[in-house]
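> A structural model of the following input is requested.
(2 chains)
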Amino acid sequence: MPGSSASVTPLVEMRDMYVSFGGLHAVDGVTISLNPGEVVALVGGNGAGKSTLMHTLAGARPADSGQILVNGKEVTIANPRDARAHGIEVIYQKLALADNIDAAGNLFLGRELRTSLGALDDSAMASATRDVMKRLNPRFRNLSTPVRSLSGGQRQSVAIARAVHFNARILIMDEPTAALGPAETEQVRELIAQLKSEGIGIFLISHDIHDVFDLADRISVMMQGRLVGTVDKNSVTKDDVLGMIIMGKKPAGLA
Amino acid sequence: MTDTTQGTTNNPATETRRDWRSFLASTEVDTRLAGMIAALAVIWVAFHILSGGDFLTSRNLWNLSVQSSSIAVMATGMVLIIVSRNIDLSVGSLLGFLGYVMAMVQTRWIPETFGLGNGRWYTWIVALAVGVALGALLGAVQGSVIAYGGVPAFIVTLGGFLVWRGLIFRMGEQGQTLSPLDKTFRLVGGGPNGSLGEMRSWILCVLGCAATCASIWFARRRRLRYDLATRPVSVDIGLAVIGSAVIIAAVAFVAVGYESPITKAPTGVAYPVVIVILVTMGMVYLSRRRRFGRYVYAIGGNPEAAELGGIDTRRTLMMTYVLMGVLCAVSAAIQTARLNSAVTNLGVQNELDVISAAVIGGTSFAGGIGTITGAVIGAVIMQSLRSGMVLLRIDSPSQDIVVGIVLITAVTIDAALRVGRRRTVAVALTVGLALAALIIQTGRQ
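Numbers count the residues shown, from 1 in each chain, chains lettered A, B, ... in the order given. Here you go, the predicted structure:
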């Protein structure tokens, strides 16, 4: 198993995280970790707290308490900028693209390349976008049209390209295949395998238990804000995991 | 586009249309913008014919250019505010207040309060500086309440609409008219001597042509350097030629072609028009080539994505109002200088004209869509309608009705075009034109 030995420093550790909205404990004392080249799937019913936990890691939502360690060092992540500075990139379920702006503009949104005079360097951004797209989706052509007019798969490529271009070391994918057709889903799977081989760690939020078993190394199950448990994919069955999601208890016989 | 299923069609009409479309696509000219220019041309020709040849004259177009300027300046700022899914209803009142303050500086504070007398060399500079600084400050106040306070822009600027107008009366000694204004300051309004004159207009013309060609050349070179697709050379040359020709024609016919009734010499480009050109260039640069502009469009397109992209959305929104305040001050200078006085009802209903200009110019209330150039053309379209109807001796209430009809028609067509509903476009165009024609016909005095 990649990264399962204890001697490796985890890419990310979130310790004892608490996030609440008003009186509701959306994330209630969760501890979770991610090793280099590893895919950790986060599963659980609606409102289990998976997305909230990941939003906290991405800087989109503050935590009430808890520690975040990146490469063993404690860090403060107050906003998306902080998260990116630590090599954390997110591919949101809704992709978080500005529909009225082209692929290059979206790829560099918030991190634009500029000329020496401080103007936007659109040509440099378009060129960089073309290069990263060549790797991800060779058929991608529409570099200068607003992403509104792109297909679901192409939009997904733009969102993924954004993470890849900036050399993410920690990637959060929120339902990456939910809106895609079979061919595009296969593309995303290949991409995940490729990223893994480059030593990138991936948190995968998914409802699809088949996806989870195909892609993940470890599976963390959440229920009502709490971590039910984290299990090694090879030591459990799908039924075990479904049981954890529904019953909120680890099956007997697992540590 | 229409005949992809027919395979090898030899229909010449379809062929021509496709050629035409591919040519348009290769120029990368905004089709929406091209449509607006076409609409403007139709309006001009129609009024020219209806008025028996009075519309397309140097004198009328020169006046039109000066009369459009104040609204055009503000419309460039309104575009960014509407693009970011907000609104500013206070611009008319803010303009009135800033105009009044600038007039106070010239007629009361410098000469009387500070006892420095009239006609100082610095009078106009101080007046303008105070106006611009105050505009930025008041814009920042409104913008902060909207962006940081989370209060809807409609409410905040509705409040501003009342407050700024009320303040004019509070400071205006029972609302008296302030006049006359400083001689140099008055030039901003484009009155007598308020133009570049023949020689300097031609210099501006040459600079304009050079800038047009240079921008096309540099854009091409940048794209080539990064090995990106470029337009065909012929198209680039064509655009440079057409652009320069338009500039030369405008300067020759409208600016230099118009002889001042007072000096009997060619007037040249009026200062307010120079201001519009500079403001437009600055705002286009800001909106297309700076991060600030990119962020405004990103917020309008998807506020959540902008936030997740690490953009300081609040600061960006606040800055759009600061900019709007500055532009209000510029317009206030143009209007007061033109009137040679500040009156308490200065800028009344201007907010509606400014919003209309932006919307006729293709700005969408759904956010994320709209261009600076479009808004300026929108302002010219509005003023063309008004001027044309004045030439036809249409009474003022009927003018309002026509402008209202045109506004609704334009937005309906724009919305229908975006989703490709051609029948709606045709119906809106027919009904709109028929209603406008009816009002014009029955409104003639």
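> Which strands or helices does whichever strand or helix holds A:S51 pack on?
Using DSSP states H and E, A:S51 maps to helix A:50-58. Applying 3 or more C-beta pairs under 8 Å, 6 or more residues apart in numbering or on different chains; DSSP states H and E, one finds that helix A:50-58 contacts strand A:12-21, strand A:24-34, strand A:39-43, strand A:65-70, helix A:80-85, strand A:88-91, strand A:170-174, strand A:201-205. Heads up, the C-betas are built off the backbone N, CA and C, glycines and all.
> Now tabulate the ones you listed in CSV and tack on distance to chain B, mean pLDDT and mean neighbour count.
Formatted as CSV, the helices and strands packed on helix A:50-58 follow (distance: least, C-beta to the nearest C-beta, whole Å; pLDDT from 0 to 100; neighbours: other C-beta atoms under 10 Å in any protein chain shown):
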stretch, distance to chain B, mean pLDDT, mean neighbour count
strand A:12-21, 17, 93, 18
strand A:24-34, 18, 92, 19
strand A:39-43, 19, 94, 25
strand A:65-70, 17, 94, 17
helix A:80-85, 4, 91, 19
strand A:88-91, 7, 91, 25
strand A:170-174, 11, 92, 25
strand A:201-205, 15, 94, 26
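> Tell me, how many residues neighbour residue 93?
I'll assume chain A. 15 (other C-beta atoms under 10 Å in any protein chain shown).
> Hmm, no, I was thinking of chain B.
Around B:S93 there are 25 residues (other C-beta under 10 Å).
> do the same with B:I146
Neighbours of B:I146 using other C-beta under 10 Å come to 25.
> Show the contacting residues for it.
B:N86, B:P152, B:A153, B:V156, B:T157, B:L317, B:M318, B:Y321 (C-beta atoms under 8 Å, 6 or more residues apart in numbering or on different chains).
> Check these and tell me the two furthest apart.
Across these, the two members that end up farthest from each other (C-beta to C-beta) are B:P152 and B:M318, 14.8 Å apart.
> if we can go back for a sec, only the buried subset of the contacts of B:I146, as a PyMOL command please.
Remark: buried members of these, expressed as a PyMOL selection using 16 or more other C-beta atoms under 10 Å in any protein chain shown:
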select buried, chain B and resi 86+153+156+157+317+318+321
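> tell me how far stretch A:135-144 is from the chain's mean position?
22 Å (C-alpha atoms, centre = their mean, to the nearest Å).
> Now do the SS call for B:V376.
helix (DSSP: H, G, I helix; E, B strand; the rest coil).
> Who's the closest spatial neighbour of it, skipping the chain neighbours?
B:A72 (4.8 Å; C-beta to C-beta, 6 or more residues apart in numbering or on different chains).
> Contact partners for the residue nearest the centre of chain A?
Nearest to the geometric centre of chain A sits A:I172, at 1.0 Å (C-alpha atoms, centre = their mean). Counting by C-beta under 8 Å, 6+ apart, A:I172 touches A:M54, A:L57, A:A58, A:I88, A:E89, A:V90, A:I91, A:I202, A:F203, A:I205.
> Up against chain B, what does the stretch 101-250 of chain A have?
With the criterion set to C-beta under 8 Å from any C-beta of the partner chain, the stretch 101-250 of chain A comes near chain B through A:101, A:105-106, A:109-112, A:114, A:118-120, A:122-124, A:126-127, A:130, A:143.
> the domain parsing of the chain - what is it?
Picking chain A for this. A:1-87+A:168-255, A:102-166 (automatic domain parsing).
> actually chain B
B:61-190+B:278-347, B:195-269.
> A:I32: which of these is closest?
domain B:61-190+B:278-347 (21.4 Å).
> which residue of chain A sits farthest from its center?
In chain A, by C-alpha atoms, centre = their mean, A:L117 is the one farthest from centre (34.9 Å).
> Please settle this for me: is it part of a strand?
No - with three-state DSSP as the criterion, A:L117 is located in coil rather than a strand.
> before we move on, the earlier item: just the buried positions in the helix holding A:S51, please.
A:K50, A:S51, A:T52, A:L53, A:M54, A:H55, A:T56, A:L57, A:A58.
> from these, which single one is nearest B:V348?
Ranked by distance to B:V348 (C-beta to C-beta), these are led by A:H55 at 48.1 Å.
> what residues are up against the closest one?
Counted by C-beta under 8 Å, 6+ apart, A:H55 has contacts A:R61.
> Can you read off the pLDDT for it?
Looking at A:H55, its pLDDT is 91.
> and if you look at B:R222?
Per-residue pLDDT puts B:R222 at 88.
> of the helices and strands packed on helix A:50-58, which approaches B:S65 most closely?
Closest of those to B:S65 is helix A:80-85, at 45.6 Å (criterion: C-beta to C-beta).
> which residues sit against that closest one?
By C-beta under 8 Å, 6+ apart, helix A:80-85 touches A:57-60, A:75-77, A:89-90, A:110-111, A:166, B:307-310.
> ok, now with 6 Å
With contact meaning C-beta atoms under 6 Å, 6 or more residues apart in numbering or on different chains, helix A:80-85 is reached by A:A58, A:G59, A:I77, B:L308, B:G310.
> since we're on A:D99, how many residues are nearby?
Neighbour tally, A:D99, other C-beta under 10 Å: 18.
> hmm, I was thinking of A:P138
Counted with other C-beta under 10 Å, A:P138 comes out at 8.
> cool, A:A193 as well?
Close neighbours of A:A193, defined as other C-beta under 10 Å, add up to 12.
> what do you get for B:R423?
8.
> And the residue lying closest to B:A39 once chain neighbours are set aside, how far from A:A183?
Spatial nearest neighbour of B:A39, excluding adjacent residues (C-beta to C-beta, 6+ apart): B:I381 at 6.7 Å. Distance of B:I381 to A:A183, computed by C-beta to C-beta, to the nearest Å: 48 Å.
> Doesn't B:N193 belong to a strand?
No - counting by three-state DSSP, B:N193 is not part of a strand but coil.
> for B:Y271, what are its contacts?
B:L187, B:V188, B:G190, B:G194.
> Sort out which one of those lies nearest chain A for me.
B:V188 (29.1 Å; C-beta to the nearest C-beta).
> Run a quick neighbour tally on that closest one.
Neighbours of B:V188 under the rule other C-beta under 10 Å: 26.
> per-residue pLDDT, it?
Note on B:V188: pLDDT of 93.
> Can you tell me, leaving aside adjacent residues, what's nearest to the closest residue to chain A within the stretch 101-250 of chain B?
When scored by C-beta to the nearest C-beta, the stretch 101-250 of chain B has B:Y226 as its residue closest to chain A, at 3.7 Å. Leaving aside its sequence neighbours, B:Y226 sits nearest to A:S127 (C-beta to C-beta, 6+ apart; 3.7 Å).
> give me the element the one you found is part of.
Using DSSP H and E, A:S127 sits in helix A:122-136.
> Which strands or helices does that helix pack on?
Packing partners of helix A:122-136 (3 or more C-beta pairs under 6 Å, 6 or more residues apart in numbering or on different chains; DSSP states H and E): helix A:103-107, helix A:152-165.
> Where does pLDDT dip in chain A?
A:1-7, A:252-255 (pLDDT under 70).
> how near is the nearest residue to A:K238 once chain neighbours are set aside to chain B?
With sequence-adjacent residues excluded and distances taken as C-beta to C-beta, 6+ apart, A:K238 is closest to A:I209, at 5.6 Å. Separation of A:I209 from chain B (C-beta to the nearest C-beta, to the nearest Å): 28 Å.
> re earlier: so how far is the helix holding A:S51 from its chain's centroid?
Distance, centroid of helix A:50-58 to centroid of chain: 9 Å (C-alpha atoms, centre = their mean).
> what does stretch A:31-43 give?
Taking C-alpha atoms, centre = their mean, one finds stretch A:31-43 lying 10 Å from the centre of the chain it belongs to.
> Identify all contacting residues around it.
By C-beta under 6 Å, 6+ apart, stretch A:31-43 touches A:2-3, A:8, A:10-16, A:50, A:196, A:199, A:201-206, A:212, A:215-221, A:245.
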